[in-house]
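Colleague: what's the 3D shape of this:
(chains A, B, C and D)
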Protein chains: 2
Amino acid sequence: MTTNGKRKIDLDTIDRRLLIELLRDSRVSLRRLSEEMNVSPATLHNRLTKMVQEGVIRGFTTLVDYTKLGYSLSAIIMVKVNGKYLVEFEKEISNADNIVAVYDVVGEYDVVLIAKFRSVEDLDVFLKQLLKNSKVERTYTSIVLNSVKEDPRVRI
Amino acid sequence: MTTNGKRKIDLDTIDRRLLIELLRDSRVSLRRLSEEMNVSPATLHNRLTKMVQEGVIRGFTTLVDYTKLGYSLSAIIMVKVNGKYLVEFEKEISNADNIVAVYDVVGEYDVVLIAKFRSVEDLDVFLKQLLKNSKVERTYTSIVLNSVKEDPRVRI
DNA sequence: TATGAAAACCAACCCGA
DNA sequence: TCGGGTTGGTTTTCATA
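Modeller: Predicted coordinates:
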């Protein structure tokens, strides 16, 4: 089976439990989990592979405290884009290294960007570039003073 | 050594390379990596442990396509909070299951929330709760039509 | 579709340098 | 602080139910 678009996928109890554990700690051993869950390691391995194939699992990653690495500055940037170029703009902005999220929204602005920078200068350069972009009509930037919570995990 | 607050931590080439690989795929085996990098598995294991102890690595998790699980709705909610209660508000909102990020910001609003919901009804309930909260003075909600990019990883 | 068993692979620990 | 070596744990495959 290959990835299947936007259709909702139903997980059974095993899939669900496995996914919850992988969200908590993606380096957990399937064997140990299989003992807790009273299924075979092979089954968990099959379920894991299946969820990756279906696209429910997009990958396994590491949560990093970026402030400890000198990325002390985050910003939330709302952008009003010239309508015709919206998709094109989103595509190009998604490739920027600093950008962690790009959301299509409705309202006064069209796109919301979440970005991380090493310094105020880097942010400044980024914003000036953005305003030079002819697809951009207007921006509103909220400087993040502090990330109180930043965790991509949702209770499933 | 224990975690050491906000001080910036310098990573050498090995740490850096290891962290980049773990960001790309946290389930990678240290042994295979050690061959590519021409260092011993024990060294990588030591470096990994060190980065966890220092708090550079906050954990290992799984990137999930929540739309495939029925969380089709995201929202960006800007909140103006009664100043005295800001910290208290942030603490209580951080514990909500739907909230993936809480940012302290400067400007017209004080806090920006990124939240995920299963349905418009769930969002509606959440927003009504928020407005009933006496610490909240005003909110502005942007409904996310589409998450063009959502990846917590930054190029380090 | 799940499993047990086996082979290949891997992490974790200790100790010597 | 690093890395070799050992021990015991882990993934992955496949034949079978």
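
Colleague: Return the distance of the spatially most distant residue from the centre of chain A relative to DNA strand C.
Modeller: Most distant residue from the mean C-alpha position of chain A: A:Asn38, 32.6 Å away (Cα atoms, centre = their mean). For A:Asn38, the distance to DNA strand C equals 7 Å [Cβ to the nearest atom of the strand, to the nearest Å]. Bear in mind the C-beta positions are built from the backbone N, C-alpha and C, glycine included.

Colleague: same question, A:Thr67
Modeller: Going from A:Thr67 to DNA strand C by Cβ to the nearest atom of the strand gives 26 Å.

Colleague: same check, this time on A:Gln129
Modeller: Shown here: A:Gln129 relative to DNA strand C, a distance of 40 Å by Cβ to the nearest atom of the strand.

Colleague: The helix or strand hosting that residue: what's the following helix or strand?
Modeller: Here A:Gln129, judged by DSSP states H and E, is contained in helix A:120-132. Moving toward the C-terminus from helix A:120-132, the next helix or strand (DSSP H and E) is strand A:136-150.

Colleague: Would you mind giving the orientation angle of that next one with respect to helix A:120-132?
Modeller: On the basis of axes from the mean of the first three to the mean of the last three Cα atoms, to 10 degrees, strand A:136-150 is oriented at 140 degrees to helix A:120-132.

Colleague: So which residues of chain A form helices?
Modeller: Assigned by DSSP state H, the helices in chain A fall at A:13-24, A:30-37, A:41-54, A:86-94, A:120-132.

Colleague: Any chance you could list what contacts the helix holding A:Gln129?
Modeller: Residues outside helix A:120-132 that contact it (Cβ atoms under 8 Å, 6 or more residues apart in numbering or on different chains): A:Leu73, A:Ala75, A:Ile77, A:Val79, A:Ala96, A:Asn98, A:Ala115, A:Phe117, A:Val136, A:Thr139, A:Thr141, A:Ile143.

Colleague: go on, stretch A:10-28?
Modeller: Here stretch A:10-28 makes contact (Cβ under 8 Å, 6+ apart) with A:33, A:37, A:39, A:43-44, A:47-48, A:50-51, A:56-57, A:60-61, A:153, A:156, B:26-27, B:59-62, B:64, B:69.

Colleague: Are any of these buried, and if so which?
Modeller: Using 16 or more other Cβ atoms under 10 Å in any protein chain shown as the burial test, those include A:33, A:37, A:39, A:44, A:47-48, A:51, A:56-57, A:60-61, A:153, B:26, B:59-62, B:64, B:69 as buried.

Colleague: Stretch A:76-96 near chain B at all?
Modeller: Yes. Stretch A:76-96 comes into contact with chain B (Cβ under 8 Å from any Cβ of the partner chain), by way of A:Ile76, A:Met78, A:Glu90, A:Lys91, A:Ser94.

Colleague: dump the residue contacts of the last one.
Modeller: Meaning A:Ser94. Residues near A:Ser94 by Cβ under 8 Å, 6+ apart: A:Val102, B:Val148, B:Lys149.

Colleague: Out of those residues, which is nearest to DNA strand C?
Modeller: B:Lys149 (29.3 Å; Cβ to the nearest atom of the strand).

Colleague: how many neighbours does the closest one have?
Modeller: B:Lys149 has 17 neighbours, counted by other Cβ atoms under 10 Å in any protein chain shown.

Colleague: was I right about it contacting A:Ile99?
Modeller: Yes. Counting by Cβ atoms under 8 Å, A:Ile99 is a contact partner of B:Lys149 at 6.6 Å.

Colleague: burial of A:Leu123, as a residue count?
Modeller: A:Leu123: 20 neighbours (other Cβ under 10 Å).
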